[in-house]
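Q: structure here, sequence nowhere to be found:
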């Protein structure tokens, strides 16, 4: 893994987090507990800060960045960032799934208990309301989520990634 300081700011990663050998984490990046950062993921807190909550998984090839002098990136708890997703200069609240290959652009807010579908592009300054699913390019709200169906799915993925990371820590 490449963990690097930039301009005197260093990543803060709790002991119980898993970081893959070829993941890159640089600059002012702080993690909560039980997070995982998977193969080829890049988290670059060089031009602003990145704050990541508890039980967040950043899957293979995902990129987390921020915007110079404008937008940090803040990610809540129980968030899954899918393979090859890009999360840039935005706020993601708790219990959110960002699908594979999705892009969340500057100054967006993804409210709690929502899903950004695989391949969706959330354009700048968009607010994704709590309990909704957004899809498409540019992304639009496609449905409200029945909480009973949905809350379990985000929790399941988040818990699975804690389990998967334990397999790699044992090696």
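A: Happy to help now that I have it. Treat the numbers as computed from the prediction; the structure is a model and nothing was measured.
Q: residue 29 - that's part of a strand, no?
A: Yes: with DSSP: H, G, I helix; E, B strand; the rest coil as the criterion, residue 29 is part of a strand.
Q: which parts of the protein are helices?
A: Along the chain, counting by DSSP state H, helices occupy 147-169.
Q: point out where it drops to low pLDDT.
A: 147-151, 170-171 (pLDDT under 70).
Q: longest strand in it, by residue count?
A: If you go by DSSP state E, the chain has its longest strand at strand 42-52.
Q: report the distance from that strand to the chain centre.
A: Mean-position distance between strand 42-52 and its chain equals 11 Å (C-alpha atoms, centre = their mean, to the nearest Å).
Q: got the contact list for that strand?
A: Contact partners of strand 42-52, identified using C-beta atoms under 8 Å, 6 or more residues apart in numbering, comprise 6-7, 9, 11, 23-32, 35, 37, 58, 62-75, 89. The way it works is simple: take the backbone N, C-alpha and C, and place the C-beta from them, glycine included.
Q: and what of stretch 161-171?
A: The contact list for stretch 161-171 (C-beta under 8 Å, 6+ apart) reads 17-18, 20, 34, 36, 55, 57, 59, 80.
Q: list the pairing partners of the longest strand of the chain within its sheet, with orientation.
A: strand 24-31 (parallel), strand 63-65 (parallel), strand 73-75 (parallel) (DSSP bridges).
Q: mind listing what's buried along it?
A: By neighbour count on 16 or more other C-beta atoms under 10 Å, the buried set for strand 42-52 is 42-48, 50-52.
Q: one more: stretch 162-171?
A: In stretch 162-171, counting by 16+ other C-beta under 10 Å, buried: 162, 165.
Q: I'd say residue 20 and residue 41 touch.
A: Yes: if you go by C-beta atoms under 8 Å, residue 20 and residue 41 touch, sitting 7.2 Å apart.
Q: mind checking which of the two has more residues around it?
A: Shown here are residue 20 and residue 41; by other C-beta atoms under 10 Å, residue 41 has more neighbours (26 against 17).
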